[in-house]
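Engineer: Got a sequence here, can you model it:
(2 chains)
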Protein chains: 2
Amino acid sequence: MSITVQKYGGTSLADSERVKAVAHRICKSFNNGGKVLAVVSAQSGMTDMLTQKIKEVCNDPHKRESDVVLSTGELISIGLLSIAINNLGVKALSLNSFQAGIFTEGEFTKSKILQINIEKIIKNFEYYDVIIIPGFQGVNENNEITTLGRGGSDITAVALTVSLKLREVEIYTDVDGVYTADPRIIDNPFKINELSYQEMLEMAGSGSKVLHSRSVELASKNEIKIKLLSSFNYNYGTEIKKEELCVEKPAIRAISNTKNESKITIFGISKDPKNIAYIFEEISKENINIDVIVQDLENNKSNISFTLSKEDFEETFEIVKRICKPLNAVDIVGNKNVAKVSLIGVGMKSNPGVAAKVFKTLAEKNIDILMISCSEIKISCIINEKDMENATIELHKNFFENKKIEGEFK
Amino acid sequence: MSITVQKYGGTSLADSERVKAVAHRICKSFNNGGKVLAVVSAQSGMTDMLTQKIKEVCNDPHKRESDVVLSTGELISIGLLSIAINNLGVKALSLNSFQAGIFTEGEFTKSKILQINIEKIIKNFEYYDVIIIPGFQGVNENNEITTLGRGGSDITAVALTVSLKLREVEIYTDVDGVYTADPRIIDNPFKINELSYQEMLEMAGSGSKVLHSRSVELASKNEIKIKLLSSFNYNYGTEIKKEELCVEKPAIRAISNTKNESKITIFGISKDPKNIAYIFEEISKENINIDVIVQDLENNKSNISFTLSKEDFEETFEIVKRICKPLNAVDIVGNKNVAKVSLIGVGMKSNPGVAAKVFKTLAEKNIDILMISCSEIKISCIINEKDMENATIELHKNFFENKKIEGEFK
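Structural biologist: Here you go, the predicted model:
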């Protein structure tokens, strides 16, 4: 039995016309040969509406009960899509996470898929041609509803693909793949035909919202090829796969950027490594994620800068002030007006000129680089927020548009 | 362990303020001694929204999948109410119909409760003080979601009361009981303190929308007292119970009225009873309910009039035209401008003057009675729609307002 796993996001199912369009697409896929296992998100706006309802009742809601409310959005989607497909004469069945046997473990609102009783689904494929399953949720050992947190529907789709021992999953959104830069900044960025898991992970971690890291990690671990496609057209999308399988390996694949950055600098604490460990330990106790860290030494004193998301800024600034006082810090300075621009590409490892080209590009436009962080396949620059768009445009010009003219990038 | 079963309707949970108000009421009930099993409807507007979504996708939706969508409204309610109660420091738990063990049989969209695995609920009361269950739904033997159709949440509440072997159930709506007449017609109708099951059933069948017949039948069969109360105040409501337990037995309890009536008259078919049986058999095949039937004979010819709800009029009129042609009917006349006014009361049996007083009241105001139907505890008059309000006002004046002055009705 040939089965294709397809995941449809909220904008793909936003209203009745979109639901019917997805139904047609699924039936077309079935008629081209092969049963379809569709994983669906809540209709766009639905999860926001449910979140709002919860918030109006209580600011700190009981998590088990939050999940009861939050999980209903996807249940509406599975029913509506199944109605639309049955109406086209194809035998479709919706299964909720109990019926489908999707078992989770861990905390409510951020649980993890533990195991999928795939036999239940396979048995239903004996009679049905399409099975529709809610993403983002499962049931725990007590048969209680749990949700998976951000990016949960993609995780459900990848996990089902793993359980079915399939090699690829199709993830449909409202864009037909990953682009070299944010189209809100760059007028005509280029679509990327293929990306390695590592590149996709670096992009997810540096501002790209296409896929959540957790689903990419799960796909990577199990070598599942992810095809990112649009449900609004039949264009060729982006494939995310093992680096070895990528034909193209340009130095730079894409530019990511995010304004959701802030920066804190601690001046003049004693350079004892214990101090630094202590500072970041205290911050991590509050579940705050630190992104880039830079330290420079001056005599026996150390200056430390680090970045974190804007929403954690105030809380972290208070923590740092409190714990650095006994460490005799000379000054603590915060800056909420910073942004991050990142260049990502597996080819970077074998191409030492990339960093130099980045610095030169930004210097020519008088853009100050406040901090730099490099991994094997990524260079991130922390710059002033006001420079972000300009930096992105210049980097895109120098790394992609000229490349295109030279024929190195299709 | 003392348990109170309470059911809250859609308007009682319409928004976050109402959800919090109901949470307070339940906690108050718990603090006064005794655990609470709350059955809830979807928030008002929610079921309409879901029905609309389904309709936009397909006019004739797959019933199993319709139920998947329609059942989500109550799931939102159980979660929100549980959040609100937990927030007040009382231990509440929501259980969906699978978790609560509410098993159904029969068709999707109009299934019946077969059995409740009450042990699951009782076990959870060992730890929790309030358990919240969605009305209107259950799971069938294949663990598929099914809904109970109109009035379903009341049925769930009564069925749970039966399973818990309790003697009464509290049903909360936005009115504090049953009144002697529709307040949209009569300015200040009187609240009825007690009603027998039969009276309530007759009222449900003649225009009153307070409770659906199925829940009253189930309560009657098991002698469960229904307390109709408002979740918006702490007024004394209306008790629905065995006739023998009713202290007051006035000739007339209440007046019901409905404009949702139409009338079809078939003139001059042969008086053979087979003909009449054949006509109503053909109509019932289309699942159309006939209300009042009147026949009069003239020589060997029979004239038959019957009433039915307005929405079934056109379809029925076509059926009647088709089947009465071979029966040589002289004429077939339809009238969509009729209404029904009914007087209901168990005391009527022992009070032969009621019918005469009705006729006199209407005659004095020149209101034509098109058809009459009497049961032991009900008199229904089919009148022209234009006369309905006036008839109700006059009957209420003669049967209740004067009574009140005489001190017979409190």
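Engineer: In contact with A:Asn86, which residues are there?
Structural biologist: A:Asn86 is in contact with A:Ala92, B:His62, B:Glu65, counting by C-beta atoms under 8 Å, 6 or more residues apart in numbering or on different chains. Where C-beta positions appear, they are placed from N, C-alpha and C, glycine not excepted.
Engineer: could those residues be laid out in TSV, adding secondary structure, pLDDT and distance to A:Thr156?
Structural biologist: Output for the contacts of A:Asn86, formatted as TSV (DSSP: H, G, I helix; E, B strand; the rest coil; pLDDT from 0 to 100; distance: C-beta to C-beta, whole Å):
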residue	secondary structure	pLDDT	distance to A:Thr156
A:Ala92	strand	98	18
B:His62	coil	96	23
B:Glu65	helix	97	19
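Engineer: What are the boundaries of the strands in the stretch 101-250 of chain A?
Structural biologist: Using DSSP state E, counting those that start in this stretch, the strands assigned to the stretch 101-250 of chain A run over residues A:102-105, A:112-116, A:130-134, A:137-139, A:145-147, A:168-173, A:178-179, A:191-192, A:194-196, A:225-230, A:238-241.
Engineer: between these, which gets nearest to B:Asn289?
Structural biologist: Ranking those by proximity to B:Asn289 (C-beta to C-beta) places strand A:130-134 first, at 36.0 Å.
Engineer: The closest one packs against which elements?
Structural biologist: helix A:16-31, strand A:35-40, helix A:72-87, strand A:92-94, helix A:97-100, helix A:118-125, helix A:152-163 (3 or more C-beta pairs under 8 Å, 6 or more residues apart in numbering or on different chains; DSSP states H and E).
Engineer: Quickly note the distance from the residue in the stretch 201-350 of chain A that chain B sits nearest to to A:Lys28.
Structural biologist: Across the stretch 201-350 of chain A, the shortest distance to chain B (C-beta to the nearest C-beta) belongs to A:Ser231, at 15.9 Å. A:Ser231 sits 12 Å away from A:Lys28, going by C-beta to C-beta, to the nearest Å.
Engineer: And those two? Which one has more around it.
Structural biologist: Comparing A:Ser231 with A:Lys28 by other C-beta atoms under 10 Å in any protein chain shown, the one with more neighbours is A:Ser231, at 23 against 12.
Engineer: hang on, that one packs against A:Arg25?
Structural biologist: Yes - between A:Ser231 and A:Arg25 there is a contact under C-beta atoms under 8 Å: 6.4 Å.
Engineer: which residues do these two both contact?
Structural biologist: In terms of C-beta under 8 Å, 6+ apart, A:Ser231 and A:Arg25 are both contacted by the residues A:Tyr172.
Engineer: So what's the residue count around the closest residue in space to A:Thr258 that isn't next to it in sequence?
Structural biologist: Sequence neighbours aside, A:Gly207 is the residue nearest to A:Thr258 in space, at 3.2 Å (criterion: C-beta to C-beta, 6 or more residues apart in numbering or on different chains). By other C-beta under 10 Å, 19 other residues sit near A:Gly207.
Engineer: for A:Asp272, same thing?
Structural biologist: So A:Asp272, with other C-beta under 10 Å, has 12 neighbours.
Engineer: Give the full set of residues in contact with it.
Structural biologist: No residues are in contact with A:Asp272 under the rule C-beta under 8 Å, 6+ apart.
Engineer: Could you tell me how far it is located from A:Tyr278?
Structural biologist: In this view, A:Asp272 and A:Tyr278 are 9 Å apart by C-beta to C-beta.
Engineer: between these two, what contacts are shared?
Structural biologist: In contact with both A:Asp272 and A:Tyr278: no residue, using C-beta under 8 Å, 6+ apart.
Engineer: count of neighbours near the closest residue to A:Asn222 other than its chain neighbours?
Structural biologist: Excluding the flanking residues, the one nearest A:Asn222 by C-beta to C-beta, 6+ apart is A:Val162, at 4.7 Å. Neighbourhood size, A:Val162 [other C-beta under 10 Å]: 20.
Engineer: A:Glu194 too?
Structural biologist: As a burial measure, A:Glu194 scores 19 neighbours (other C-beta under 10 Å).
Engineer: is it true that it touches A:Glu239?
Structural biologist: Yes - here A:Glu194 reaches A:Glu239: they are 4.8 Å apart, a contact under C-beta under 8 Å.
Engineer: Am I right that A:Thr331 is in contact with A:Phe267?
Structural biologist: Actually, residue A:331 is Asp. It isn't Thr. Yes - the pair A:Asp331 / A:Phe267 is scored as a contact, 4.3 Å apart, by C-beta under 8 Å.
Engineer: Looking at the two, which one has more neighbours?
Structural biologist: Taking neighbours as other C-beta under 10 Å, A:Asp331 and A:Phe267 compare with A:Phe267 leading, 16 against 10.
Engineer: Right, I'll leave it there.
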